[in-house]
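Trainee: could you work out the structure for the sequence below:
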Amino acid sequence: MNPRFALPLAAPPVLALLIAAACSGTHVYLGGGQSAGASNAGGSSSLALGGMAADVGGSGAGAGAPNGLLVDPDPNTICAAGQKTTVTGTVYDPAGNSPLYNAVVYVPSAAGALPALASGVACEKCTDPLPARAVALSGPDGKFRLEDVPAGRVDLVVQLGKWRRKQTISVVPCQDNPLSNRDLTRLPRTRLEGDIPKIALSTGHSDALECLLRKIGIADSEFTTDAGGGRVSMFVGCEGDQADKHTGANVFADRLGGALFPSTSELFDSGTLNQYDVVIFSCEGHKCDALQTPGNVAQLLNFADRGGRVFLDHNHYNWLSHASAPIEKAAEFSSSPNDIQSPLATKINTVQFPKGEAFAQWLLNVQASTSLGALDIYAAKTSVQSLSPNRSQSWIYRDDEPQGHFYFTINTPVAVEDDDPAPEACGRVVFTDLHVSKSGGGDAVDFSDQDTPFPDGCTSSVLTPQEKALEFMLFDLSSCVQQETSMPKTPPIK
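Mentor: Purely as a prediction, here's the structure:
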């Protein structure tokens, strides 16, 4: 050992810590103060000692900012006992309004560009490791806490499935760093801000899910035809299926280019289905039998089995009814009566279902529920008679008359036999009897119709409680896949 670092046997612990740090190049932070200089032949370090911050090293690396705070990223900063370098905040949807549950927040292990996400359908599992130094999950209130964050200017990534956005933040060592600016922790509104899943949306005359996507914050520039490059490709649902029925919106307003939407059938005929991450079918008001050919149904199920996400709105349960076993056994359906009372009181399933518990708490947090585990819905339908518990997971249900399951999920692929354990899942299919149109009672606010070009039918900017529930579901659909009955866990770090 260099004689100038020799210590008596009873050396003070803090001094011993400082000498070890000086030898190793580690930053030690014990409180802010004035700066003073020292030197170390072995390299550079920054030492903040109670009332004094010191630069150690002739190069000036690790120089203290005002008040002696470190400004260079250094994962080796050592804090005093009981202190940690943390970052806290809340994850929000692209609009910056609703907090989001089960989003991954992390500091990447390397500065610069993030690794590219898989293009098109892919098997995304929650156990896939992340290239990160620190990682956390957001809770039912959207809040997260990152620990052991390097100090200085660092990248912060917010990710939920293939939603991903990176921002740069300043981190002060050995204390909490709260992020109150929502713009730092929201998901991207455009592909220029970050990654957005590639979504195919089939419009429907009886619902307006395209309006819900706008309300959660996706910019109008991302709504295009499949040839337009936007992250939401618009298709007109069930076109020509029934001559006496209207179809959903089938053209953009002039200010958005005025282009005609291709038919949803082209999504299957073109062979481009697997280029998408999510496919959304908005309720058309009838079953779209002409679209659900055996070939198209097989394509959609293959898409889901390989990692695709499928959102089926009301009468689109026919995709499952026309499917071959075993997914056809996931639920038993029937036509819904039209005279169900509104609002209709429903329950959130929380029995041995951690994500259901989080959903119930989230609805309360965003004021969509007035009591924990309850949700009033409007324009309700009861399409689902029963569910196969080995193949599906009920989220919203009612056990009084009229009984029903108003929202459920199917992880894909599904079990072949009724008593088989569920196979390791890659994709997800969801079904809902909740609508966007008439979701607040009374006449339809947002609507989708061939006589009104998109987005002129989107007349409201405020989410109803029912739409808030659907927003939660859309982001859950986008997230990585896990066993539905398991507690979400932070992904491993690589």
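Trainee: the closest residue to Asp176 other than its chain neighbours: neighbour count?
Mentor: Distances taken as CB to CB, 6 or more residues apart in numbering put Thr86 closest to Asp176, at 4.7 Å, once the chain neighbours are dropped. Backbone N, C-alpha and C define where each C-beta goes, glycine included. The number of residues packed near Thr86 is 18, by other CB atoms under 10 Å.
Trainee: show me the contacts for Thr86.
Mentor: With contact taken as CB atoms under 8 Å, 6 or more residues apart in numbering, Thr86 is in contact with Arg145, Leu146, Glu147, Val149, Gln175, Asp176, Asn177.
Trainee: and the second one, how many neighbours?
Mentor: What it means is Leu146. Other residues near Leu146 number 25, with proximity taken as other CB under 10 Å.
Trainee: so it sits in a strand?
Mentor: Yes: assessed with DSSP: H, G, I helix; E, B strand; the rest coil, Leu146 lies in a strand.
Trainee: wait, it touches Val87, no?
Mentor: Yes: in this structure, Leu146 is within contact of Val87 by CB atoms under 8 Å, at 4.4 Å.
Trainee: and for the two, which residues touch both?
Mentor: Common contacts of Leu146 and Val87 (CB under 8 Å, 6+ apart): Val107, Ala134.
Trainee: if we can go back for a sec, any idea how far the residue nearest to Asp176 is from Asp195?
Mentor: 26 Å (CB to CB, to the nearest Å).
Trainee: again, but for Arg398
Mentor: According to CB to CB, Arg398 stands 37 Å off from Asp195.
Trainee: same question for Ala469.
Mentor: Separation of Ala469 from Asp195 (CB to CB): 25 Å.
Trainee: and the two? Which one has more around it.
Mentor: Ala469 (27 against 19).
Trainee: who's Val310 bridged to?
Mentor: Bridge pairing for Val310 (DSSP bridges) gives the partners Val279, Val429.
Trainee: heads up, I number from 798, so please use that
Mentor: Right, with 798 as the first residue, what we last looked at is Val1107.
Trainee: correct me, but it touches Val1227?
Mentor: Yes: counting by CB under 8 Å, Val1107 touches Val1227, with 7.1 Å between them.
Trainee: which residues in the stretch 1098-1247 of the chain form helices?
Mentor: 1115-1118, 1151-1162 (DSSP state H, counting those that start in this stretch).
Trainee: same for the shortest one, what does it pack against?
Mentor: In this case it means helix 1115-1118. When contacts are defined as 3 or more CB pairs under 8 Å, 6 or more residues apart in numbering; DSSP states H and E, helix 1115-1118 packs onto strand 1106-1110, strand 1128-1130.
Trainee: what about that helix, distance to the chain center?
Mentor: Relative to its chain's centre, helix 1115-1118 lies at 26 Å (CA atoms, centre = their mean, to the nearest Å).
Trainee: mind listing what's buried along it?
Mentor: Of all the residues in helix 1115-1118, those buried under the rule 16 or more other CB atoms under 10 Å are Asn1115, Trp1116, Leu1117, Ser1118.
Trainee: show residues contacting that helix.
Mentor: For helix 1115-1118, using CB under 8 Å, 6+ apart, the contacting residues are 1078, 1084-1086, 1089, 1094, 1097, 1107, 1109, 1124-1125, 1127-1128, 1130, 1226, 1228.
Trainee: what of stretch 1248-1263?
Mentor: Residues contacting stretch 1248-1263 (CB under 8 Å, 6+ apart): 894-895, 1000, 1005, 1007-1008, 1011-1013, 1017, 1020, 1031, 1043, 1046, 1048-1051, 1053, 1055, 1160, 1164-1166, 1172-1175, 1231-1233, 1236-1237, 1242-1246, 1268.
Trainee: what about the closest residue to Ile1124 other than its chain neighbours, neighbour count?
Mentor: Nearest residue to Ile1124, sequence neighbours excluded (CB to CB, 6+ apart): Val1211, at 5.1 Å. Using other CB under 10 Å, Val1211 has 24 other residues around it.
Trainee: let me see the contact set for Val1211.
Mentor: Counted by CB under 8 Å, 6+ apart, Val1211 has contacts Pro1123, Ile1124, Lys1126, Ala1127, Arg1188, Ala1219, Pro1220.
Trainee: re the thing from before, distance to Pro905 and mean pLDDT added to the helices of the stretch 1098-1247 of the chain, as a markdown table?
Mentor: Below are the helices of the stretch 1098-1247 of the chain laid out as a markdown table (distance: least, CB to CB, whole Å; pLDDT from 0 to 100):
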| stretch | distance to Pro905 | mean pLDDT |
| --- | --- | --- |
| helix 1115-1118 | 39 | 89 |
| helix 1151-1162 | 26 | 97 |
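Trainee: TSV please, covering the ones you listed and showing distance to Thr1179.
Mentor: Below are the helices of the stretch 1098-1247 of the chain laid out as TSV (distance: least, CB to CB, whole Å):
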stretch	distance to Thr1179
helix 1115-1118	15
helix 1151-1162	20
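Trainee: out of those, flag the one nearest Ser935.
Mentor: Set against Ser935 and scored by CB to CB, the helices of the stretch 1098-1247 of the chain come closest in helix 1151-1162, at 10.1 Å.
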